[in-house]
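[1] With the sequence up front, the predicted model follows.
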Amino acid sequence: MDKFPQNFLWGGATASAQYEGGFDESERGKSQLDFVNFIPKAQRENAHSTDNLGYDRFLKIKSDEAAFNLPYRRGSDFYHRYKEDIALMAEMGFKTFRLSISWTRIYPTGYEDEPNQAGLKFYHDVFDELHKYGIEPLVTIIHYENPITLTEDLNGWESPEVIDLFYKYAKTVIDEYKNDVTYWLGFNEINAALDNPYVSAGMFTSKSKRNYLSACYQALHHQFIAQSLTAKYIHDTAPGCKFGSMIARLECYSETCNPKDELATLVEDQINCSFLDIAVRGEYPKPLLSYFNKYNVNIDYVDNYQKILSEGKVDFIAISYYMSYVISADPKKVENPGNLTKSLSNPYAETSEWGWTVDPLGLRITLNRLYDRYLLPIFIVENGLGAIDKVEDGKIHDNYRIKYLREHINAIAGAISDGVEVMGYTPWGCIDLCSASMSEMTKRYGFVYVDADDYGNGTYNRIRKDSFYWYKDVIKSNGELV
Ligand code: BGP
């Protein structure tokens with residue numbers, strides 16, 4: 001029997017804010033990532049560059065934009081090179097390409113009554129180019145990109161007013177592209193606001209009157225409502241389309257078999273899963289409500305929210321998977337920083353140069369867990385190794401990346417043989433792009449190298465890495481030749 005189904009969607013993933021560039025073209029407005037500056041490693045106060053962006057720094061950057069290195073504005077210049085990039089994807093044999101639409105290219109400030117035609121045209125051109133090669137677009141409606149005006153006026157998703165503004169934008173792109181796009185995701189990593197409220201929800205928690213967790217869950221509540229409204233709209237108006245909810249999935253392990261550790265892990269996983277529970281089951285799960293009580297989370301619920309959530313459930317689930325982590329019930333145990341989340345060390349797993357645990361088998365475990373829980377098909381829409389690549393004689397020998405991806409593909413094949421329904425696999429940053437946590441080009445994921453550094457120096461020319469040829473064979477053999 002084949003390891004992968006014949007219609008398995010092999011491809012790659014990107015996001016407009018990190019990849020597109022052309023920030024001031026086609027009358028695009030500015031998003032909150034356009035105000036994140038690159039900070040060299042030695043000068044960072046926190047592990048993630050975006051953590052350094054408080055409200056004061058934002059005001060400083062805004063008052064003198066030219067004085068700062070703002071890498072998201074450059075991205076990898078897909079805006080001008082989309083034909084070349086899509087040709088490279090086609091050469092690898094991509095069946096699908098995950099991209100996001102930039103909200104501010106369609107509604108520059110979020111408030112306009114009419115969409116920006118030049119912005120709409122850009123994505124029509126991109127979709128036409130993809131279809132030329134038979135590549136199916138997988139579209140994220142919002143991937144870490146909110147109009148900066150909404151951050152300034154409303155503190156982003158903390159305000160319920162953003163729901164309608166987003167819904168107007170979502171309806172516009174669905175109406176416009178429903179014949180070009182079958183697979184849709186509402187939000188990138190809808191659980192991300194908790195760790196990164198500015199990036200995910202366009203919100204400064206320091207400007208909120210609520211405590212940190214309440215502010216984040218308030219923004220999340222509004223995102224859940226927006227997600228369900230969008231799901232219902234797609235089902236009502238574009239029945240041929242499929243709508244999914246995506247989370248950043250980190251598999252959580254218990255440090256020991258002490259039942260106390262096991263219980264802590266169980267509860268942790270209930271909270272981790274609550275984001276998908278809401279999207280799939282259309283209601284807030286009871287463990288999350290208990291968590292709200294325990295941690296003093298108070299939010300204002302939108303009128304009729306139960307009805308809205310129950311009417312807008314999703315058709316599939318999507319995950320990014322980069323790592324697992326380890327927890328204990330003992331609060332005295334010291335967790336390592338530097339990971340995407342804090343974790344006790346795992347003696348059975350290696351870590352990347354950025355301290356991210358590498359755990360391919362964790363992906364097989366995660367796929368099984370989520371399938372058992374939801375019985376819905378799962379799309380792995382991000383996975384990959386951020387690494388430093390060296391160009392030697394015009395070549396990039398990235399066997400470390402091949403090893404990482406090979407092991408994860410084998411884990412997916414394992415999950416499929418366990419009975420899990422997996423729709424596709426789109427490794428992250430298939431063409432190098434700007435890192436979300438580091439705001440740098442140094443941390444690269446791609447099969448294709450982009451000749452640009454952290455300061456925007458370079459030709460932006462594309463170079464095929466060794467992994468490019470390897471992935472091409474993987475796709476051609478439908479996962480037999482890994
Ligand atoms: C995910 C985000 C992506 C992406 C990826 C890799 O959480 O959805 O936008 O950037 O992580 O992270 P990084 O770029 O920080 O290495």
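    Everything's here; your move. No experiment lies behind these values; they were computed from the predicted model shown.
[2] Which residues of the stretch 101-250 of the chain lie near the ligand?
    Within reach of the ligand by CB under 6 Å from any ligand atom, the stretch 101-250 of the chain has these residues: Y144, N188, E189, A248. C-beta: built from backbone N, CA, C; applies to glycine.
[3] Excluding residues flanking it in the chain, which one is nearest the first one?
    Taking CB to CB, 6 or more residues apart in numbering as the measure, Y144 lies nearest to V199, with 5.0 Å between them; neighbours along the chain are not counted.
[4] what's near enough to touch that neighbour?
    Applying CB atoms under 8 Å, 6 or more residues apart in numbering to V199 gives the contacts Q32, L33, V36, T50, Y144, A192, A436.
[5] so which strand or helix has it?
    helix 197-201 (DSSP states H and E).
[6] Now do the same for that helix: mean pLDDT, whole number.
    Per-residue pLDDT over helix 197-201 has a mean of 95.
[7] Just list what the following helix or strand past that helix packs against, helices and strands only.
    Using DSSP H and E, the helix or strand that follows helix 197-201 towards the C-terminus is helix 212-237. For helix 212-237, the elements it packs on are helix 161-177, strand 183-187, helix 197-201, strand 242-254, helix 259-281, helix 305-311, judged by 3 or more CB pairs under 8 Å, 6 or more residues apart in numbering; DSSP states H and E.
[8] Could you tell me how many residues sit around the residue of the stretch 1-150 of the chain found nearest the ligand?
    Using CB to the nearest ligand atom, A15 is the residue of the stretch 1-150 of the chain that sits closest to the ligand, at 5.0 Å. If you count neighbours by other CB atoms under 10 Å, A15 ends up with 27.
[9] any weak-confidence spans in this structure?
    Scanning the chain for pLDDT under 70 picks out the ranges 45-52, 337-340.
[10] Tell me which stretches of it form strands.
    Secondary structure of the chain (DSSP state E): strands at 9-13, 96-100, 136-142, 183-187, 242-254, 316-327, 350-351, 357-358, 378-382, 422-425, 448-450, 462-464.
[11] Looking at the ones you listed, spot the one closest to T230.
    strand 183-187 (5.1 Å; CB to CB).
[12] ok now the closest one, how far from the chain's centre?
    Distance, stretch centre to chain centre, for strand 183-187: 11 Å (CA atoms, centre = their mean, to the nearest Å).
[13] Adjacent strands (with direction) for it?
    For strand 183-187, the pairing partners within the sheet under DSSP bridges are strand 136-142 (parallel), strand 242-254 (parallel).
[14] Around the ligand, which positions in the stretch 301-450 of the chain sit nearby?
    Residues of the stretch 301-450 of the chain lying near the ligand (CB under 6 Å from any ligand atom): S320, E382, G386, W428, S435, A436, S437, M438, K443.
[15] just to revisit the earlier point, the residue nearest to Y144 and I61, how far apart?
    Going from V199 to I61 by CB to CB, to the nearest Å gives 15 Å.
[16] related to what we said a few turns ago, buried ones among the residues of the stretch 101-250 of the chain next to the ligand?
    Y144, N188, E189, A248 (16 or more other CB atoms under 10 Å).
[17] Double-check the last one against Y325; I have them as touching.
    No. In this structure A248 lies outside contact range of Y325 using CB atoms under 8 Å: 11.7 Å.
[18] which of the contacts of V199 sit farthest apart?
    The most distant members of the contacts of V199, if one measures by CB to CB, are V36 and A192, lying 14.6 Å apart.
[19] hmm, back to that, distance to Y212 for the strands of the chain - can I get that in JSON lines?
    Output for the strands of the chain, formatted as JSON lines (distance: least, CB to CB, whole Å):
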{"stretch": "strand 9-13", "distance to Y212": "30"}
{"stretch": "strand 96-100", "distance to Y212": "27"}
{"stretch": "strand 136-142", "distance to Y212": "22"}
{"stretch": "strand 183-187", "distance to Y212": "20"}
{"stretch": "strand 242-254", "distance to Y212": "19"}
{"stretch": "strand 316-327", "distance to Y212": "20"}
{"stretch": "strand 350-351", "distance to Y212": "28"}
{"stretch": "strand 357-358", "distance to Y212": "26"}
{"stretch": "strand 378-382", "distance to Y212": "26"}
{"stretch": "strand 422-425", "distance to Y212": "35"}
{"stretch": "strand 448-450", "distance to Y212": "36"}
{"stretch": "strand 462-464", "distance to Y212": "42"}
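[20] which stretch among those comes nearest I308?
    It is, among the strands of the chain and with distance given as CB to CB, strand 183-187, at 13.4 Å.
[21] Can you give the contact residues for the closest one?
    Contact with strand 183-187 is made by 96, 136-143, 170, 174, 200, 223, 226-227, 230-231, 234, 241-246, 318, 379, 381, as judged by CB under 8 Å, 6+ apart.
[22] all helices of the stretch 351-482 of the chain, in order?
    360-374, 399-418, 466-476 (DSSP state H, counting those that start in this stretch).
[23] Turn those into JSON lines, including mean neighbour count.
    JSON lines is the format used below for these (neighbours: other CB atoms under 10 Å):
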{"stretch": "helix 360-374", "mean neighbour count": "19"}
{"stretch": "helix 399-418", "mean neighbour count": "19"}
{"stretch": "helix 466-476", "mean neighbour count": "19"}
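[24] can you list the ones you listed in TSV and add distance to Y217?
    Converted to TSV, those look like this (distance: least, CB to CB, whole Å):
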stretch	distance to Y217
helix 360-374	21
helix 399-418	31
helix 466-476	39
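[25] Give me the distance from stretch 308-316 to the chain's centre.
    Put simply, stretch 308-316 sits 20 Å off its chain's centre (CA atoms, centre = their mean).
[26] if we can go back for a sec, how about the contacts made by the residue of the stretch 1-150 of the chain closest to the ligand?
    Contact analysis of A15 by CB under 8 Å, 6+ apart lists L99, S100, T140, H143, Y144, E145, N188, L433, A436.
[27] sorry, back to before: closest one to D453 out of the residues of the stretch 101-250 of the chain next to the ligand, please.
    Using CB to CB, Y144 comes nearest to D453 of these, at 22.2 Å.
[28] The closest one contacts S200, doesn't it?
    Yes. Shown here, Y144 and S200 form a contact pair, counting by CB under 8 Å, at 6.1 Å.
[29] Could you tell me which residues touch both of those two?
    N188, A192.
[30] circling back to that earlier point, of all the strands of the chain, which one is nearest S26?
    Counting by CB to CB, S26 lies closest to strand 96-100 out of these; the figure is 15.5 Å.
[31] who touches the closest one?
    9-17, 19, 86, 89, 126, 130, 135-143, 145, 183, 188, 381, 424, 426, 430.
[32] Can I get the helix holding V199 in CSV? Just the C-alpha atoms.
    This file holds the C-alpha atoms of helix 197-201, laid out as CSV (Å, rounded to 0.1, in the frame of the first residue of the first chain):
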residue,chain,number,x,y,z
PRO,A,197,-0.3,39.5,21.6
TYR,A,198,1.2,42.2,19.4
VAL,A,199,2.1,40.0,16.5
SER,A,200,-1.1,37.9,16.7
ALA,A,201,-3.7,40.3,17.9
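[33] which one of the helices and strands packed on helix 212-237 lies closest to E480?
    strand 183-187 (24.6 Å).
[34] what's the angle between the closest one and strand 316-327?
    Orientation check (axes from the mean of the first three to the mean of the last three CA atoms, to 10 degrees): strand 183-187 against strand 316-327 gives 50 degrees.
[35] can you give me the end-to-end distance of stretch 2-15?
    Using CA to CA, to the nearest Å, the end-to-end distance of stretch 2-15 comes to 31 Å.
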